[in-house]
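> sequence plus predicted model, see below.
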Amino acid sequence: MVGLMTTFAVIETGAKQYKVAAGDVIKIELLPEALTEGDAVVFDKVLLVDSGSDTKVGDPYVSGAKVEGKLVREGRGKKIEILRRKPKSNWMRRQGHRQPFMEVEITKVA
């Protein structure tokens with residue numbers, strides 16, 4: 001295999017799993033702590049770390065492993081529209097939703 005292998009990790013946050021490497025920008029669910037743009041974010045629920053030659057798999061988490069990042073922005077996604085309708089009775093209910101998210105840039109996989 002030709003090319004440079006980068007270290008990557010699989011982290012768990014917001015009941016979802018993400019494969020990340022240094023320099024990646026990911027959209028995640030809102031974190032419970034109050035953060036502002038530029039704040040450091042540490043993910044300690046690391047499921048797998050791969051350095052190209054060595055792979056560590058957690059049971060369920062890899063002990064001592066962590067992934068560091070910084071908060072790029074906080075926002076809300078595109079609006080989705082929920083429409084419920086019953087035919088022949090002229091009944092309709094319309095509702096909209098915008099899912100909040102945090103955009104995090106991964107700075108270090110350790």
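Cool, the structure landed. Numbering: from 1, shown residues only.
> start and end of stretch 59-68, how far apart?
One end of stretch 59-68 sits 21 Å from the other (CA to CA, to the nearest Å).
> can you tell me how far the spatially most central residue of the chain sits from E81?
The centroid of the chain falls nearest to I28 when counting by CA atoms, centre = their mean (3.2 Å). The gap separating I28 from E81 is 24 Å, by CB to CB, to the nearest Å. (C-beta placed from N, C-alpha, C; glycine too.)
> low-confidence ranges, the chain, go.
Low-confidence segments of the chain, defined by pLDDT under 70: 1-5.
> whichever strand or helix holds Q17 pairs with which strands?
Assigned by DSSP states H and E, Q17 falls within strand 16-21. Using DSSP bridges, strand 16-21 pairs in its sheet with strand 8-13 (antiparallel).
> re the thing from before, what are the bridge partners for the residue nearest to the centre of the chain, then?
M102.
> for it, what are its contacts?
By CB atoms under 8 Å, 6 or more residues apart in numbering, I28 lies in contact with 13-14, 16, 18, 101-104.
> most surrounded residue in the residues you listed?
In terms of neighbour count, V104 stands highest of these at 27 neighbours, by other CB atoms under 10 Å.
> list the contacts for the residue lying closest to it once chain neighbours are set aside?
Nearest residue to V104, sequence neighbours excluded (CB to CB, 6 or more residues apart in numbering): G69, at 4.5 Å. Contact partners of G69, counting by CB under 8 Å, 6+ apart, are 40-43, 104-108.
> closest one to G23 out of those, please.
Nearest to G23, judged by CB to CB, of those is I106 at 6.7 Å.
> how about stretch 14-30: buried residues?
Across stretch 14-30, burial judged by 16 or more other CB atoms under 10 Å covers 18, 20, 22, 24, 26, 28.
> what about that stretch, distance to the chain center?
3 Å (CA atoms, centre = their mean, to the nearest Å).
> next: stretch 53-61.
For stretch 53-61, the distance to the chain centre is 19 Å (CA atoms, centre = their mean).
> any chance of the contacts of G69 in JSON lines, with distance to T6 and secondary structure too?
Putting the contacts of G69 into JSON lines (distance: CB to CB, whole Å; DSSP: H, G, I helix; E, B strand; the rest coil) gives the following:
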{"residue": "A40", "distance to T6": "21", "secondary structure": "strand"}
{"residue": "V41", "distance to T6": "20", "secondary structure": "strand"}
{"residue": "V42", "distance to T6": "20", "secondary structure": "strand"}
{"residue": "F43", "distance to T6": "17", "secondary structure": "strand"}
{"residue": "V104", "distance to T6": "18", "secondary structure": "strand"}
{"residue": "E105", "distance to T6": "15", "secondary structure": "strand"}
{"residue": "I106", "distance to T6": "11", "secondary structure": "strand"}
{"residue": "T107", "distance to T6": "13", "secondary structure": "strand"}
{"residue": "K108", "distance to T6": "12", "secondary structure": "strand"}
